[in-house]
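J.: When you get a sec, could you give me coordinates for this:
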Amino acid sequence: MDGVTHERCKRGYAPDGLTAIWAYEGAPRKLIHKLKYKYISEIALSLASVAAGVLKSTKRSMPHSPNWSRDKFTLVPVPLHWVRRNLRGFNQVEEVGKTLAALMNWEIKPLLVRKKRTKSQVGLKGKERGKNVVGAFALNPSVRVNECTSVLLFDDVWTTGSTIREATRVLKKTGYKKVWCLTLAR
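T.: Numbering: from 1, shown residues only. Below you'll find the predicted structure:
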């Protein structure tokens, strides 16, 4: 599922587009749930391997969408707050991202930190989700890449887009010009 952000919607700090590898149903949903809520970190390798295969075999669906086999990106995993990361033992997005970046020959950089401990988005309505993540992210002061780099913001699931939009806002506000978003599922 590919989508370039509509020109009227690009005002401010919107993502340049979004690609979701799978629909959030069936096997992808079950695997993401096991990774995220049952803490089975080994699933990350399988998800990343299959996702890389899907991306490599995907042809451009629109003129401005990425050519996954050729374009170079800096993959930026959406960070967890340190409390949630410590409880889970890992950041599921980062774990999938490490393998995916290696398989796609992309860089991976933790450009963002989660500075605010937010409630889980599960069960929140659209507006509540948006309010929940406002101010949650900041640029990681210890990591820097050239602002001309194409950034690929990576998350596990896109539901309302609140998390991705807020993280993109921080990246664009601090100088990153092109931010495409990639999720495992939508």
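J.: Give me the next element, helix or strand, following the helix or strand bottoming out on mean pLDDT in the chain.
T.: Ranked by mean pLDDT, DSSP states H and E, the weakest helix or strand in the chain is strand 2-4, scoring a mean of 54. Scanning forward in sequence from strand 2-4 by DSSP states H and E, the next helix or strand is strand 17-22.
J.: What distance do you get for the closest residue to P66 other than its chain neighbours to G26?
T.: Closest residue to P66 apart from its sequence neighbours, by C-beta to C-beta, 6 or more residues apart in numbering: W180 at 6.0 Å. Heads up, the C-betas are built off the backbone N, CA and C, glycines and all. W180 sits 25 Å away from G26, going by C-beta to C-beta, to the nearest Å.
J.: who's more crowded, those two?
T.: Legend: neighbour count by other C-beta atoms under 10 Å for W180 and G26, higher for W180 (23 against 10).
J.: Need the pLDDT of that one.
T.: W180 is assigned 95 on the pLDDT scale.
J.: What strands flank whichever helix or strand L153 is part of, and is each parallel or antiparallel?
T.: Element membership of L153, judged by DSSP H and E, is strand 151-157. Note on strand 151-157: by DSSP bridges, its sheet partners are strand 74-77 (parallel), strand 179-185 (parallel).
J.: and that strand, how far from the chain's centre?
T.: Distance, stretch centre to chain centre, for strand 151-157: 1 Å (C-alpha atoms, centre = their mean, to the nearest Å).
J.: continuing past that strand, what's the next helix or strand?
T.: Next element after strand 151-157 (DSSP H and E): helix 162-173.
J.: I figured P15 was touching W180, is that so?
T.: Yes - assessed by C-beta atoms under 8 Å, P15 is found in contact with W180 at 6.7 Å.
J.: Provide the secondary structure category for A44.
T.: What DSSP: H, G, I helix; E, B strand; the rest coil gives for A44 is helix.
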